[in-house]
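J.: Sequence and predicted model, in that order:
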Amino acid sequence: MNFKALNLLPELQHAISDLDFYEMTPIQEMVIPKIHNNESVIGQSKTGTGKSHSFLIPLINHINASEPVTQVIITSPSRELATQLFAMAKDLLKYLPDIKATLAIGGTDKAKQINHLMKTQPHLVIGTPGRIYDLMKENALLTQSVSYFVVDEADMTLDMGFLKLVDDIATRLSTDLKMYAFSATLPQQLMVFLNRYMAHPDIIKVNTENLISDTVTNYLINIRSQNETALLYDLLTLGNPYLVLIFANTKQRVDDVHKALTERGLTVAKIHGDIPARERRRTMNRVKQLEFQYVVATDLAARGIDIPGVSEVINLDVPRELEFFIHRVGRTGRQGVEGTAITFYHPDLEPAISALEKRGISFEEVTLRNGQLVSVDTRHKRERRKRATTDEIGTQTRGFIKKKKKTIKPGYKRKIKEQIKKEKRQNRPSK
């Protein structure tokens, strides 16, 4: 469906055209009409599907600019995500100067913001749960007239422990409030919370069966017996990638990798939670200005942060949760442009890789050989060897081994070895 088919304010249509938005994405096509008709919606969609505009566009269209009161509140779990949403909203408000929007996040001057709110109430507030709730407690942000409340990245809000703050905000809003939630996943604890505020919401799921975009080539590299830093450097300098995101599970690991790559002469940015918010914002702006070709980060940067033009994602560690893997890899291969994802692993992590595969993630195992990624099959060969060894051992020997696990007596190891040798001799084909 084309955006022009929607009954929107002409000024909003003009702004959408300026963004070169013409055809709606699947989630936009399903969500926008429902919010336009004031229906309860929970949207489940992976990153890069136009989720944010699916609620920003109809909610901005709902705002009555002639009433100088707050009408819409949108929470996002991190400062970066809230700042990104606010920038999207400002683009849509380009030709609607009478609609006032405010960004409410930590790391900014709260006293200055309170003074400003005492003079003028914004129509639209986008921010983190903590700062929004603080402004409400100070009676600086007046919410009696709020008609629409959005919890964006709801699963991340739960993961980061902010659901209680969201609850505190929601309980202070009007009883006829229209609430919406958008999330990559819908854990049970989140659904229990949302059902308290949403009567029979329509759950819209988009592309959840394709966890990774078809435009992403998903590689797996066994780093056993390899120098990880040297391998990473060789991969990063293979060809001339446009922008590479490198993910690690811990802040210390990000610092170590950043230091190692910088010492090898690469210009590398780093992003994690211990870096001050102002510095993170400055780094993100520099990344968007293409001052860096490589960014090493924790999962903070994976959760919806829009870094355009990511050509490659490298997972130095297998993430602890499937959702983090999806968010990481979802940074590349967006909007029909091909991308590459590479995950480092070693045999001890086989259960984690198998768990991802059981959830629908497929990998192509490769190795770097003579400056090229070459397909290999070491994982399945190892599994076949294990099965072959097990098949050679008879029932009696397996009984010995099981018994050994329970109790070990003198000479037991020798007996097991002798039994295995005996069965191999018996199974040997006669000449």
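T.: Nice, I can see it. Numbering: from 1, shown residues only.
J.: how about the closest residue to N249 other than its chain neighbours, what does it touch?
T.: Closest residue to N249 apart from its sequence neighbours, by CB to CB, 6 or more residues apart in numbering: D317 at 4.2 Å. C-betas here are computed from N, CA, C, even on glycine. By CB atoms under 8 Å, 6 or more residues apart in numbering, the contact list for D317 reads F247, A248, N249, R253, F344.
J.: What distance do you get for the second one to N315?
T.: Translated: A248. A248 sits 8 Å away from N315, going by CB to CB, to the nearest Å.
J.: ok, now D299?
T.: On the measure of CB to CB, D299 and N315 end up 10 Å apart.
J.: Between these two, which contacts overlap?
T.: Common contacts of D299 and N315 (CB under 8 Å, 6+ apart): F247, R328.
J.: check contacts around A260.
T.: T229.
J.: Pull up the gap between it and V254, please.
T.: Distance from A260 to V254, by CB to CB: 11 Å.
J.: For A297, see how far away the residue nearest in space to the middle of the chain is.
T.: When CA atoms, centre = their mean is applied to the chain, the residue found nearest the centroid is H327 (2.6 Å). Noted for H327: a distance of 11 Å to A297, by CB to CB.
J.: same thing with L368?
T.: Relative to A297, L368 is positioned 23 Å away (CB to CB).
J.: so Y219 sits in a strand?
T.: Yes - assessed with DSSP: H, G, I helix; E, B strand; the rest coil, Y219 lies in a strand.
J.: could you pull out the helices for the stretch 251-400 of the chain?
T.: 251-263, 277-288, 322-329, 350-358, 378-392, 395-406 (DSSP state H, counting those that start in this stretch).
J.: mean pLDDT lowest for which of the ones you listed?
T.: Here the lowest mean pLDDT among the helices of the stretch 251-400 of the chain goes to helix 395-406, at a mean of 52.
J.: What does F55 show for phi and psi?
T.: Main-chain torsions, F55, degrees, to the nearest 10: phi -110, psi -30.
J.: what residues are up against R224?
T.: With CB under 8 Å, 6+ apart, R224 has these contacts: H346, P347.
J.: For M1, see how far away it is.
T.: From R224 over to M1 (counting by CB to CB), the distance is 50 Å.
J.: With adjacent residues omitted, what lies nearest to K94?
T.: For K94, the spatially nearest residue (CB to CB, 6+ apart) is A15, at 4.5 Å.
J.: Quick one: mean pLDDT for the strand or helix carrying that neighbour?
T.: Element membership for A15 (DSSP states H and E) is helix 10-18. Averaging pLDDT along helix 10-18 gives 93.
J.: That one - contacts with which helices or strands?
T.: Under the contact criterion of 3 or more CB pairs under 8 Å, 6 or more residues apart in numbering; DSSP states H and E, helix 10-18 touches helix 51-62, helix 79-92.
J.: What are the contacting residues of the shortest one?
T.: Read it as helix 51-62. Contacts to helix 51-62, defined as CB under 8 Å, 6+ apart, come from residues 6, 8-9, 12, 16, 21, 25, 27-28, 31-32, 35-36, 43, 45, 71-72, 74, 84-85, 88-89, 92-93, 96, 99, 124, 147-148, 150, 152, 180, 182.
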